[in-house]
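Colleague: Sequence first, predicted model second:
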Amino acid sequence: MRDLQTKFPKGKVVRDRYEIQELLGTGGFGAVYRVRDRRGGNVYALKEQIDPNPQQRERFAFESRILERLDHYALPRVYRVFEDEKAQSVYMLMDFINGPNLERLRRRQPEGRFTLARVMAMMKPIIEAVSYLHHQQPPIIHRDIKPSNMIIPTSGEGAVLVDFGIAKTYDLDSTTSAVRHCSPGYGSPEHYMRGTNLRSDIYGLGATFYTLLTGEVPIDALTRLTRVSSGSADSLIPAHSLVEDLPQEVSDILQKAMALDPEDRYGSVEEFWNALKVYAPEVKTEPVIYEMLSEANEAPGTQVETPQPPPVTPAPLPPPSIVVQEIPRRQRRSRKGLFLLVAALLLAFLLVGGLIWTANSGLLAGVSTQAKVTPTSSTVHQPTARTTQVPTRGTTPTATPTASPAPPVVQPPASPPRLARGYDGTISDKYTDPPTNSTIALSNIAQNGQSFTGYASFGSGLVGNNNFNGTITPDRKFHFLVASYAGLLPLYFQGQVNGDKSLSGTYCSYRNNACDNQSGGYGDWHASPR
């Protein structure tokens with residue numbers, strides 16, 4: 001058995017294909033790495049189970065089967081599962097979700113909690129994902145819903161629900177289940193007793209809302225159950241008693257979601273969510289996510305799993321025979337990109353066609369240019385002004401037309417070029433003599449107008465892998481800053497988008513808003529889109 005203390009080093013290649021870039025996290029199961037596919041250059045998360053026993057191997061395989069059949073924007077995608085007999089390990093290659101988990105973000109907030117508006121915005125994708133799981137045939141129970149299993153991507157997209165290591169399919173005619181692991185405070189009473197069902201996830205959702213809103217993890221269900229069974233009152237403190245400005249109605253909803261008896265909880269995820277929406281303000285998701293990530297100022301991609309305190313694990317029961325029915329894979333759809341594009345096109349055509357016109361030139365100038373619609377630059381002609389006849393003695397009155405000057409043509413603001421999702425290339429560090437030549441990869445690039453974010457990684461001989469954020473202008477110039485790595489200075493990159501869509505420029509170690517070539521790496525680089 002390979003001990004966890006001998007983790008794969010950076011640069012090691014697994015299966016002659018996946019190059020280890022960073023250790024994201026470890027746990028009792030093994031480890032999770034960020035890896036780069038040497039063939040396509042894509043970045044993935046590689047989950048490793050070290051020397052699994054038969055039960056662990058079956059659970060690992062079951063998790064992969066679940067994720068392989070699912071297709072939802074708030075769930076990770078699994079691409080392949082393979083074994084390495086020599087290393088006595090099994091691996092799962094899945095989406096790398098670059099961003100902090102919700103528990104880490106929560107602890108960075110004042111008093112360790114969020115406002116109700118923010119919680120509703122962050123949890124909407126999670127609610128939709130759990131609802132999607134429960135509507136599968138057969139239904140899927142996650143069984144480990146908690147903030148640390150929710151990732152907020154740095155790209156600004158909605159939260160993603162991860163870690164299906166103890167999920168199971170639900171059989172209405174059976175309450176037996178595999179070994180019941182759970183996270184204290186988030187696991188329902190039935191985790192410890194007769195077996196979980198769909199309402200067990202509703203308990204986990206209620207406990208997650210409770211923690212995010214109050215800054216306190218709810219008391220464990222087993223402790224509550226023990227006290228109630230002995231004749232004492234339920235020891236779960238109502239959320240509004242911990243946060244004065246939280247509506248009591250919301251607190252009551254959470255109490256119902258975390259009822260000890262499953263029959264006293266909400267009957268479905270949708271029922272729970274609809275009850276909350278009555279008392280929660282409407283907030284758009286993306287601005288909240290961007291603001292929150294900016295406040296958190298998180299470095300490095302967060303793993304899809306975060307080490308937690310030892311889980312409560314009652315005596316194991318024999319695992320059931322589980323049959324997973326395959327369902328057709330559906331193409332992932334953008335939640336709102338199509339709607340925004342159509343709306344932008346319609347508005348642009350209305351403006352250009354003259355159906356909407358105003359003397360205020362700022363109206364046209366303010367139209368978003370993301371749909372890439374450019375109005376024609378031809379002159380707009382106005383109707384000729386009515387002539388005025390002035391009679392004079394002995395002459396025939398003549399008309400003198402006076403033309404109204406045409407309004408100036410207003411051009412929309414220029415748009416910056418669109419960046420690709422990833423680039424691969426070469427980089428030369430002139431800090432060393434002779435210069436160190438290596439590779440550079442820019443991955444997971446997400447662009448919002450003139451701003452963009454992503455992840456930079458470097459080949460052998462160079463260090464500094466980390467997140468970056470930057471700006472690109474309509475004249476094809478850009479710059480971005482790679483966050484500090486292991487105490488080293490951050491790296492400042494600048495350059496231009498070339499005619500072949502490749503990127504090139506220079507970089508330097510950055511200190512006090514200026515390059516410091518005496519204290520770290522500097523040089524030039526070039527990268528082409530994947």
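Modeller: Done, it's in.
Colleague: So what sits opposite the residue lying closest to A456 once chain neighbours are set aside in the bridge?
Modeller: Closest residue to A456 apart from its sequence neighbours, by Cβ to Cβ, 6 or more residues apart in numbering: V482 at 4.8 Å. C-beta: built from backbone N, CA, C; applies to glycine. In this entry, V482 is beta-bridged to F468, L491, by DSSP bridges.
Colleague: Can you give me the distance of V482 to A446?
Modeller: Distance, V482 to A446, by Cβ to Cβ, to the nearest Å: 16 Å.
Colleague: Pick out whichever of these two has more residues nearby.
Modeller: V482 (25 against 17; other Cβ atoms under 10 Å).
Colleague: Touching, that one and L488? I think so.
Modeller: No - using Cβ atoms under 8 Å, V482 is not in contact with L488, being 10.0 Å away.
Colleague: which neighbours do these two share?
Modeller: G464 (Cβ atoms under 8 Å, 6 or more residues apart in numbering).
Colleague: Enumerate every residue touching I202.
Modeller: Applying Cβ under 8 Å, 6+ apart, the residues near I202 are 257, 265-266, 268-269, 272.
Colleague: need the helices for the stretch 101-250 of the chain, in chain order.
Modeller: 102-107, 116-134, 198-214, 221-229, 239-242, 248-257 (DSSP state H, counting those that start in this stretch).
Colleague: residues in contact with the closest residue to V243 other than its chain neighbours?
Modeller: Using Cβ to Cβ, 6+ apart and skipping the chain neighbours, the partner closest in space to V243 is T214 (5.4 Å). Counting by Cβ under 8 Å, 6+ apart, T214 touches 113, 239, 242-243, 246.
Colleague: separation between T214 and E48?
Modeller: Applying Cβ to Cβ to T214 and E48 gives a distance of 36 Å.
Colleague: now the residue nearest to A456: how far from M92?
Modeller: V482 is 29 Å from M92, by Cβ to Cβ.
Colleague: same thing with I219?
Modeller: Following Cβ to Cβ, the distance that separates I219 from M92 is 34 Å.
Colleague: More neighbours: these two, which one.
Modeller: Higher neighbour count among I219 and M92: M92, with 23 against 17, using other Cβ under 10 Å.
Colleague: now that one, which residues is it bridged with?
Modeller: K47, V81.
Colleague: Surely it is in contact with P76, unless I've mixed up the numbering?
Modeller: No - counting by Cβ under 8 Å, M92 does not reach P76; the two are 9.9 Å apart.
Colleague: Find the nearest non-adjacent residue to G505, please.
Modeller: G495 (1.9 Å).
Colleague: Let me know the secondary structure of the one you found.
Modeller: Classification of G495 by DSSP: H, G, I helix; E, B strand; the rest coil places it in strand.
Colleague: I'd assumed S502 was in contact with it.
Modeller: No - counting by Cβ under 8 Å, S502 is not a contact partner of G495; they are 9.8 Å apart.
Colleague: Have a look at those two and say which one is more surrounded.
Modeller: Under the criterion of other Cβ under 10 Å, the comparison of G495 against S502 puts G495 first, with 20 against 16.
Colleague: buried ones in the longest strand belonging to the chain?
Modeller: What stands out as the longest strand in the chain, according to DSSP state E, is strand 436-448. Buried residues in strand 436-448, counting neighbours by 16 or more other Cβ atoms under 10 Å, are found at 436, 439-447.
Colleague: Low-confidence stretches in the protein?
Modeller: 1-6, 27-29, 164-182, 194, 281-413, 485-487 (pLDDT under 70).
Colleague: Which other helices and strands does whichever helix or strand comes after the longest strand of the chain contact?
Modeller: Using DSSP states H and E, the helix or strand that follows strand 436-448 in sequence is strand 451-458. Applying 3 or more Cβ pairs under 8 Å, 6 or more residues apart in numbering; DSSP states H and E, we find strand 451-458 packed against strand 436-448, strand 466-472, strand 477-482.
Colleague: same thing but 6 Å
Modeller: strand 436-448, strand 466-472 (3 or more Cβ pairs under 6 Å, 6 or more residues apart in numbering; DSSP states H and E).
Colleague: For the last one, buried residues please.
Modeller: Neighbour counts over strand 466-472 (16+ other Cβ under 10 Å) mark 466-470, 472 as buried.
Colleague: Understood, closing this out.
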